[in-house]
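[1] Show me the folded form of this:
(chains A and B)
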Amino acid sequence: MSESFFDHFAAQAQSQPSAPALIWDGETITYGELAAMAARASADNGVADLPEDRPVGIRARKSPEAIALILACLQAERPFLLPSVELAPETLAKLFAQAGAGRVLEPHGPRSESASLRAIEEAPAEEDEEPSQWPPAGGGDDISFMLTTSGSTGLPKVVPLPAGAVDRFTDWAASQFDIGPGSVVANYAPLNFDLCLLDIWTTLKHGGCVALVDQDRATNGGYLADLITENEVNVLQAVPMLYRLLIDVTREDGRTFPSITHAITTGDKIPATSLEALPGLFPNGRFFNIYGCTETNDSLIHEFKGLADGEVPTNVPVGQPLPGVRTLIKTDDGAFLDGTGTGELLVWTPFQTRGYLNAELNAERFAPHPEAGDGETIYYHSGDVVRRHDDGSLTLEGRADFYVKVRGVRVSTQVVEQAIQEHPDVVEVAVVAVPDELAGKRLHAVIRREAASTLNSLGVRKHCASRLARTEMPSTIEIVTESLPKTSTGKIDRKRVLARLEEMTHANG
Amino acid sequence: MDETTVKIKQFIVDEFMPDVSVDELDSDFDLLTGGVVDSLGLLQVVAWLETEFDVGVDDSQLGPESFRTVDAIKTFVDEARGTANAG
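    Okay, here's the model as predicted:
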């Protein structure tokens, strides 16, 4: 039998017990201490005595105790569902029921207390309980992590990850980003995000130290900058927003981060304005753009160099498939692309799930290659539209779901957002398609400008004129100074932007 | 700026860009490429020109090129009025 994830962690705890494993709120927890915490969490919760054939639920905000509890589950080789604690109590209850979770565990300890968790305690008992979908297609014996991903409607989708997939991923990530004893990796994402498989779990498996970002201070640029400096962080993986926060806070004090050797941007396209600033911010850094999703984990990688003087900002490629990863591009008419062009990206990775826990959802997302495939390699249909260039590199064009018809022409609201985002005074932007009797859909842009900016709709139009086709130009432009509504994962909530717009339209007559 | 140009700019700003001041709108700004005036907006502009300047706009004249910029609209108005005065 091959060594489990926990075996690797335990070996680190044995060989270097006094090496730092976690840094939390200025405090260092060593491998020896973390192993002891995991043993305590296991004993307190009776993890070893839990039924072997059923998963457990874990309800935890990020904390060392939460990580110790997950280690206890990994040691016992129990599958565990780790959803976002930000979800509504009813939703959480349904997810745990769907996963067939026999018990829902919570970390104990002073650092894991939080108001939001106490609120969840009062979740009402479910009357019409969600039926259990456990075990997933392909069996549940080898499942470890079960993460969730947002569904377009209703419940988040549960993504069970086989232990082998996690092992392969954590080994790849460690070698790609030089993570091992002595390295410090920042963890920016919430504990339930797939990104933690790199930041936290790769690092603990391979003997590095994780500097944990407190979720409550994740938008505080000064706190983030201090965390990187004080802990001499080497590897940083985050959504583009983090880089924007660091750029803004260092604009005032001119600080740089020489300890960073690998800066990884993922989850969203990085705006050209941030791209330009990265080499100055991280003078010793290599820069990577990673494309992945919860279902497949990291799939494509591109190393980039920032922007040279006078270089025109371009779309950073999502790059080349990781070792062992296969990709296909499916065009609108269902054919597979050989050369250049655009289409939906289909991916198979050695790190992927065998399918959602709710097998009914698999038909629309997972399918074998219909032509040349071996019938067993199941490709994930990403819903992302990519363009393949002459040199074989791929760039992200947008979500297939973001395409709307404006006066009969197919337009990506994301392309419009990206063009507007390139204006230096724009903090954030949402472009939504508003139903229109004559045009079918018309585009409305809501733009939050920098506090000191005087940018108005004319300025935006002048900026966009050279960047967008006429059909892509928003019909109406609204400039605001307050934050746009966000989803629980911090992305702009376009549905709420649209709903608010419709309310205003009705109110106005 | 002559009176006609000011009136045209004021109308465009009021109707299509309420957050913009008249001074900011250049006479040669491309209203069509800039997405300020689309094909429906064009009809609004024409209806207003007919009332405001008492000019007749017949369908054959109704090409978007005549309305691409404030300058183009002014030229159109001047010519239409010239024709009307002459007749």
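[2] what ranges of chain B fall below the confidence cut-off?
    B:59-62, B:83-87 (pLDDT under 70).
[3] List the contacts of the residue nearest to A:Gly355 when sequence neighbours are not counted.
    Of all residues not flanking A:Gly355 in the chain, A:Asn362 sits nearest, at 4.3 Å (Cβ to Cβ, 6 or more residues apart in numbering or on different chains). Glycine gets a C-beta too; all of them are placed from N, C-alpha and C. By Cβ atoms under 8 Å, 6 or more residues apart in numbering or on different chains, the contact set of A:Asn362 is A:137, A:355-356.
[4] Do I have it right that A:Leu224 meets A:Leu246?
    Yes. The criterion here is Cβ atoms under 8 Å, and A:Leu224 meets it with A:Leu246 at 6.3 Å.
[5] how about the nearest residue to B:Pro64 once chain neighbours are set aside, phi and psi?
    Distance criterion Cβ to Cβ, 6+ apart; nearest residue to B:Pro64, sequence neighbours excluded, is B:Leu32 at 5.9 Å. Main-chain dihedrals, B:Leu32, degrees, to the nearest 10: phi -80, psi -50.
[6] ditto for the one 3 residues further on
    The phi/psi pair for B:Gly35 (degrees, to the nearest 10) reads phi 70, psi 10.
[7] Count the residues that sit near it.
    26 (other Cβ atoms under 10 Å in any protein chain shown).
[8] Ok, A:Trp201 next?
    With other Cβ under 10 Å as criterion, A:Trp201 counts 24.
[9] about what we covered before: can you give me every residue that contacts the residue nearest to B:Pro64?
    Per Cβ under 8 Å, 6+ apart, neighbours of B:Leu32: A:470, B:38, B:64, B:67-68.
[10] Which of the residues you listed fall in strands?
    Judged by DSSP state E, the subset of these located in strands is empty.
[11] Show me which pair in those is furthest apart.
    Farthest-apart pair in the contacts of B:Leu32 is A:Arg470 and B:Phe67; separation 14.1 Å (Cβ to Cβ).
[12] Would you mind telling me which of these two has the busier surroundings?
    Ranked by neighbour count (other Cβ under 10 Å), A:Arg470 and B:Phe67 place B:Phe67 first, with 21 against 14.
[13] Could you verify my assumption that the more buried one touches B:Leu43?
    No. Using Cβ under 8 Å, B:Phe67 is not in contact with B:Leu43; the gap is 10.4 Å.
[14] What pLDDT is listed against A:Thr341?
    You called it Thr, but residue A:341 is Gly. At A:Gly341, the pLDDT value in this model is 91.
[15] how close does the one residue in chain B that gets nearest to chain A sit to A:Lys405?
    Closest residue of chain B to chain A, Cβ to the nearest Cβ: B:Gly35 (2.9 Å). Look at B:Gly35 and A:Lys405: by Cβ to Cβ, to the nearest Å, they are 17 Å apart.
[16] same check, this time on A:Phe9
    In terms of Cβ to Cβ, A:Phe9 sits 52 Å off from A:Lys405.
[17] one step back: kindly provide the distance from the residue nearest to A:Gly355 to A:Lys157.
    Taking Cβ to Cβ, one finds A:Asn362 at 10 Å from A:Lys157.
[18] what sits in contact with each of these two?
    With Cβ under 8 Å, 6+ apart as the test, A:Asn362 and A:Lys157 both reach A:Tyr356.
[19] What are the phi and psi values at A:Tyr379?
    phi -90, psi 140.
[20] Tell me the bridge partners for it.
    A:Ala367 (DSSP bridges).
[21] what about it, how many neighbours?
    Neighbours around A:Tyr379, by other Cβ under 10 Å: 23.
[22] Next: A:Glu52.
    A:Glu52, neighbours per other Cβ under 10 Å, totals 10.
[23] ok, now which ones touch it?
    A:Arg78.
[24] repeat for B:Phe53
    B:4, B:77, B:80-81.
[25] mind running it again at 7 Å?
    B:77, B:81 (Cβ atoms under 7 Å, 6 or more residues apart in numbering or on different chains).
[26] circling back to that earlier point, pick the one among the contacts of B:Leu32 closest to A:Glu232.
    Distances from A:Glu232 to the contacts of B:Leu32, taken by Cβ to Cβ, are shortest for A:Arg470, at 50.9 Å.
[27] per-domain residue ranges of chain A.
    Using automatic domain parsing, the domain ranges for chain A come out as A:5-218, A:320-399, A:407-507.
[28] where does chain A have low pLDDT?
    If you take pLDDT under 70 as the line, chain A has these spans: A:1-2, A:109-128, A:150-154, A:306-314, A:371-376, A:408, A:438-439, A:488-489, A:507-509.
[29] what about whichever residue of the stretch 401-509 of chain A sits closest to chain B, how many residues close to it?
    Closest residue of the stretch 401-509 of chain A to chain B, Cβ to the nearest Cβ: A:Met473 (2.9 Å). Per other Cβ under 10 Å, the neighbour tally for A:Met473 reads 25.
[30] Over to the residue in the stretch 251-400 of chain A positioned nearest to chain B: give its phi and psi.
    Across the stretch 251-400 of chain A, the shortest distance to chain B (Cβ to the nearest Cβ) belongs to A:Gly398, at 19.3 Å. Dihedral angles of A:Gly398 (phi, psi; degrees, to the nearest 10) stand at phi 150, psi 180.
[31] Could you tell me which residues make contact with it?
    Contacts of A:Gly398 (Cβ under 7 Å, 6+ apart): A:385, A:412, A:414-415.
[32] what does chain B have sitting close to chain A?
    B:17, B:19-20, B:24-25, B:30, B:32-36, B:38, B:40 (Cβ under 7 Å from any Cβ of the partner chain).
[33] and A:Val426, how many neighbours does it have?
    By other Cβ under 10 Å, neighbour count at A:Val426 equals 23.
[34] Scan the contacts of A:Gly398 and report the most crowded one.
    A:Val385 (23 neighbours).
[35] From A:Asp248, how far out is the residue of the stretch 251-400 of chain A closest to chain B?
    26 Å.
[36] try A:Lys205
    From A:Lys205 to A:Asp248 the distance is 34 Å (Cβ to Cβ).
[37] Looking at those two, which has the bigger crowd around it?
    The residue with more neighbours, out of A:Lys205 and A:Asp248, is A:Lys205; 25 against 16, by other Cβ under 10 Å.
[38] Am I right that A:Thr170 sits in a helix?
    Yes. Counting by DSSP: H, G, I helix; E, B strand; the rest coil, A:Thr170 is part of a helix.
[39] Now do the same contact list for it.
    Counting by Cβ under 7 Å, 6+ apart, A:Thr170 has contacts A:197, A:201-202, A:205.
[40] Just these: which are in helices?
    A:Lys205 (DSSP state H).
[41] and which of the contacts of A:Gly398 is nearest to B:Val13?
    A:Val415 (27.7 Å).
[42] hmm, the helix or strand harbouring that closest one in reach of chain B?
    Here A:Val415 sits within helix A:413-421, counting by DSSP states H and E. No. Applying Cβ under 7 Å from any Cβ, one finds helix A:413-421 separated from chain B by no less than 10.4 Å.
[43] now that helix, how far from the chain's geometric center?
    Computed by Cα atoms, centre = their mean, to the nearest Å, the separation of helix A:413-421 from the middle of its chain amounts to 20 Å.
[44] For it, which helices and strands make contact with it?
    On a contact count with 3 or more Cβ pairs under 7 Å, 6 or more residues apart in numbering or on different chains; DSSP states H and E, helix A:413-421 meets strand A:394-399, strand A:426-436, strand A:440-449, helix A:457-465.
[45] Between the residues of chain B next to chain A, identify the one with the most neighbours.
    B:Gly35 (26 neighbours).
[46] Ramachandran coordinates for the residue nearest to that residue when sequence neighbours are not counted?
    Sequence neighbours aside, A:Met473 is the residue nearest to B:Gly35 in space, at 2.9 Å (criterion: Cβ to Cβ, 6+ apart). Main-chain torsions, A:Met473, degrees, to the nearest 10: phi -70, psi 130.
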